[in-house]
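Undergrad: I'll drop the sequence and a predicted model, then ask my questions.
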Amino acid sequence: MDWQILLFRGYTMQDKIFYNESSSQSLGWEPSWLGAKGFDDALIRKIRAFQRENGLKPDGLLGPGTYRRLVAHREAQEEYDNQVEIQPGEKAILYKGKKFPIKWDKVVLPSDPGGMEHDNGYQHMKRKRQVSMFVAHWDVCLNSKSCFRVLNKTSRSASIHFAIDNDGTIYQFLDMNHIAWHASKRMVNKKSVGVEISNAYYPKYQNWYKKNGFGERPMITDATVHGKKMEPFMDFYPVQKEALKALMEAVHNALGIPLQAPEGDTVVREVASGKYKGFVQHFNVVKNKIDCANLDLKKIVEDIKNGK
């Protein structure tokens, strides 16, 4: 039985052990990452404890969502090296193999030194597709390289076009003509491009950012999403928001996505159905997502319109 099939049925203890063994082989993690010796009920208890500490459903199953959080937790304990050579000259983003200009100095394409490119986990399109939406996410990773590695590990179900790193570097992982699997709904994926903005989210990672020279992240203490007040969490750096604005403007110019964003902090029916045209956030698509709470896309859109 495929390990992911178990997501849709009830579990016995043996089911959970099988799931974790198969997940380990697929994603590349080991019981020792959680302080366990093997695939048994002790590991399941440790996974549950980790999930509780990180605001996840404590089901004892180490699936893609828990894996992403676990990678961030482990990398926070390691030395960090993120030296990327940025090439001089006018920067661009890719749509159907053609370059479209972007007003931002730090852009890394797949073919550039330090570039990264999905080799699976997306739908390759030969014909030109019509893109009408841009979806913003946060990655719950410490940096964009980590995000890329996590997405590739879970490549049967996840990919993204762009990522914005802690220093504002924009990476393009996938040509905008291809369909990335990022927005939780097929019709939204079919008509959108997406960006993962790097942010480990949880305040416990604040020291990692300071230790590695990025400085303290702003904290958000009064955000709501889907009508509920959120626990305090880390915000994006100002340079990341400026990079996002540059990316949104470039995508607008390249694809013609209208400069508009929906009202509110919850699901918008027109967005969820894939009919909306504009710039949206993941929480506008499905109710079990909270990214990117507190990000004011409407203000960014207005700033672009006004040339700010």
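TA: Ah, there it is. Since this is a predicted model, take the numbers as computed values, not measurements.

Undergrad: Quick check: residue 30 vs residue 62, distance?
TA: 11 Å (C-beta to C-beta, to the nearest Å). Bear in mind the C-beta positions are built from the backbone N, C-alpha and C, glycine included.

Undergrad: Compare the two and say which is more crowded by neighbours.
TA: More crowded of residue 30 and residue 62, by other C-beta atoms under 10 Å: residue 62, with 26 against 10.

Undergrad: shaky segments in the protein?
TA: 1-10, 79-88, 154-156 (pLDDT under 70).

Undergrad: Which residue ranges of it form helices?
TA: For the chain, applying DSSP state H gives helices covering 13-27, 41-53, 64-75, 144-153, 186-190, 206-211, 238-255, 269-272, 297-305.

Undergrad: now, of the ones you listed, which is deepest in the fold?
TA: Most buried of those, by mean neighbour count (mean count of other C-beta atoms under 10 Å): helix 144-153, with a mean of 22.

Undergrad: circling back: nearest to residue 134 among the helices of the chain would be which one?
TA: Residue 134 lies closest to helix 238-255 among these, at 5.6 Å (C-beta to C-beta).

Undergrad: Show me the strands in the stretch 101-250 of the chain, by range?
TA: Applying DSSP state E, counting those that start in this stretch to the stretch 101-250 of the chain gives strands spanning 107-108, 122-123, 133-138, 162-164, 170-172, 179-180, 192-197, 219-220, 224-225, 228-229, 233-234.

Undergrad: could you say what helices and strands the last one packs with?
TA: Right, the one you point to is strand 233-234. strand 219-220 (3 or more C-beta pairs under 8 Å, 6 or more residues apart in numbering; DSSP states H and E).

Undergrad: Partner strands of the strand it packs on, with direction?
TA: strand 233-234 (antiparallel) (DSSP bridges).

Undergrad: List the contacts of the partner strand.
TA: 199-203, 205-206, 217-220, 223, 293 (C-beta atoms under 8 Å, 6 or more residues apart in numbering).

Undergrad: Swap in 7 Å and give it another go.
TA: 199-203, 206, 217, 219-220 (C-beta atoms under 7 Å, 6 or more residues apart in numbering).

Undergrad: same question, stretch 41-59
TA: So stretch 41-59 is in contact with 13, 16, 20, 31, 34-36, 60, 62, 65-66, 69-70, 202, going by C-beta under 7 Å, 6+ apart.

Undergrad: Give me the nearest residue to residue 158, chain neighbours excluded.
TA: residue 151 (4.8 Å; C-beta to C-beta, 6 or more residues apart in numbering).

Undergrad: Now do the contacts for that neighbour.
TA: If you count contacts by C-beta under 7 Å, 6+ apart, then residue 151 has 121, 158-160 around it.

Undergrad: Go again with 10 Å.
TA: By C-beta atoms under 10 Å, 6 or more residues apart in numbering, residue 151 lies in contact with 64, 68, 116, 118, 121-122, 139, 141, 157-160, 163, 173-174, 180-182, 196.

Undergrad: Could you check how far residue 73 is from residue 203?
TA: Distance from residue 73 to residue 203, by C-beta to C-beta: 14 Å.

Undergrad: Sweet, I'm off.
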